[in-house]
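Engineer: Sequence plus the predicted model coming up.
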Amino acid sequence: MVRVVSRIFSALAVTTALVFSLARPAAADEISITQWGASLYGAPFAVGIENGDFKKAGIDITGIIGSAGGGTSVRNILASQTPYGEVATAAALAAARQGLDIVIVNTATHTVAESTLVTMPNSPVKTLKDLVGQKIAITSPKSTSEMVFLMELKQLGIDASKIQRVASGGYTQGLTMLENGAVSAAVLIEPLSIIRKDNYRTVVRAKDMLPAMTTSVGITTREFAKAHPEKIRAIIAGRQLAVQQIYADPRGAAQLVAKQFNMSPELAEVAVGNMIAPRMWTEGGFDKAELDRIAEGLKLVGELNALPDWDHLIDASFLPDDLKASQ
């Protein structure tokens, strides 16, 4: 009888949908998501928690630990009982270079469409070329904001050394510098750019210039992945369901994001809607060309000297079967 049940279970396990139906929710887990509530990176987790997608996949995610990004996000993940989280690809690569026990198990976002460069409404700056000889505010050296700006300059063949980049410490701080005349332009990101859209004039939108690239990834420790592979698979599978829900019903998903992010429903609808066309969120699969593009950007800010050994850094074995098949 036991053998019969075992055979039946094995047969059913070949389809993801049936895996979900058989999965049993585990104990409550908390995970870490960079910029939780401040950017849209974590939108699939907001949708998945509200929809019960993670419970369907076999894990009960009850809380999200947010952070301002970078090394803080990685440290939060490593300190968690469930050491899984989403971080900027740059942060994951930096952690690996430091010898930390991390492995990339899924991709999360693959666009910089939420990034813009703004100036004051009455500024003479109309294009990136007008910034030659001027100062612009980035958040911090080697940040994604600096990387995106340098990639835009490279795209237009503008010498980056002729535009001074000033570290502001954050997006709102950069806007303060812009308003006080300390810089001629400042980097900005959604949803802040939506909230303050009447205060500034957009000089350039990254989505108009830069192709898809892997901007954030899911990571865990190799030790945890080996000890609890079922949890990693469940997180990725639940997130995949949530991503599919976002693209199928953006307005409905926006309401769930608003609830988890404590954001106005109107703002969430605009913010999520803006990210549908560039398809901000991946279902989790890996694209070598998009990985290499982010690496080329990180070379521009001096974060990398060469393309990473992706085969060493990535373990795609936790992806749902349909995503594995497309690798």
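Structural biologist: Everything's here; your move.

Engineer: Output the below-cut-off pLDDT ranges for the stretch 201-327 of the chain.
Structural biologist: Counting by pLDDT under 70, the stretch 201-327 of the chain shows low-confidence ranges at 327.

Engineer: which residues of it fall in helices?
Structural biologist: Using DSSP state H, counting those that start in this stretch, the helices found in the stretch 201-327 of the chain span residues 222-227, 229-248, 250-261, 265-274, 288-300, 310-313, 321-325.

Engineer: now do the stretch 51-200 of the chain
Structural biologist: Secondary structure of the stretch 51-200 of the chain by DSSP H, counting those that start in this stretch: the helices cover 53-57, 71-79, 89-97, 144-156, 171-179, 192-195.

Engineer: For Ala28, find the nearest of these.
Structural biologist: helix 53-57 (10.4 Å; CB to CB). C-beta coordinates here come from the backbone N, C-alpha and C atoms, glycine included.

Engineer: related to what we said a few turns ago, which one of the helices of the stretch 51-200 of the chain lies closest to Thr214?
Structural biologist: helix 89-97 (5.4 Å).

Engineer: who does that closest one touch, helix- and strand-wise?
Structural biologist: Judged by 3 or more CB pairs under 8 Å, 6 or more residues apart in numbering; DSSP states H and E, the packing partners of helix 89-97 are helix 71-79, strand 102-109, strand 216-221, helix 288-300, helix 310-313.

Engineer: if we can go back for a sec, flag whichever of the helices of the stretch 51-200 of the chain has the least confidence on average.
Structural biologist: Among the helices of the stretch 51-200 of the chain, helix 71-79 carries the lowest mean pLDDT, a mean of 85.

Engineer: what comes into contact with it?
Structural biologist: Helix 71-79 has contacts (CB atoms under 8 Å, 6 or more residues apart in numbering) with 31-34, 65, 67, 83-85, 87-88, 91-92, 94-95, 100, 102, 219-221.

Engineer: try stretch 134-150
Structural biologist: By CB under 8 Å, 6+ apart, stretch 134-150 touches 70, 88, 90, 112, 115, 117, 125, 160, 163-171, 173-175, 177-178, 182-187, 189, 206, 210, 215, 297-298, 300-303.

Engineer: now do stretch 174-182
Structural biologist: Here stretch 174-182 has contacts from 118-120, 135, 137-139, 166, 168, 183-188, 196, 199-200, using CB under 8 Å, 6+ apart.

Engineer: ok, 6 Å please
Structural biologist: 137, 168, 183, 186 (CB atoms under 6 Å, 6 or more residues apart in numbering).

Engineer: okay if I get those residues as CSV plus neighbour count?
Structural biologist: Formatted as CSV, the contacts of stretch 174-182 follow (neighbours: other CB atoms under 10 Å):
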residue, neighbour count
Ala137, 27
Ser168, 23
Val183, 23
Ala186, 30
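
Engineer: can you tell me which two in those are farthest apart?
Structural biologist: Ser168 and Val183 (7.9 Å).

Engineer: tell me the contacts of Phe261?
Structural biologist: Gly37.

Engineer: then stretch 204-224 to CSV, C-alphas only?
Structural biologist: This file holds the C-alpha atoms of stretch 204-224, laid out as CSV (Å, rounded to 0.1, in the frame of the first residue of the first chain):
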residue,chain,number,x,y,z
VAL,A,204,15.5,61.3,-19.0
ARG,A,205,13.7,58.1,-18.2
ALA,A,206,15.9,55.0,-18.0
LYS,A,207,13.3,52.9,-19.6
ASP,A,208,13.6,54.9,-22.8
MET,A,209,17.4,54.2,-23.0
LEU,A,210,18.4,51.0,-21.3
PRO,A,211,17.6,47.4,-22.1
ALA,A,212,16.5,44.7,-19.7
MET,A,213,19.0,43.7,-17.1
THR,A,214,18.9,41.6,-13.9
THR,A,215,18.6,44.3,-11.2
SER,A,216,17.7,42.2,-8.2
VAL,A,217,17.9,38.5,-7.3
GLY,A,218,16.8,36.0,-4.6
ILE,A,219,19.6,34.7,-2.4
THR,A,220,20.0,32.3,0.4
THR,A,221,22.9,30.5,2.1
ARG,A,222,24.2,27.3,0.6
GLU,A,223,23.9,25.7,4.0
PHE,A,224,20.2,26.6,4.3
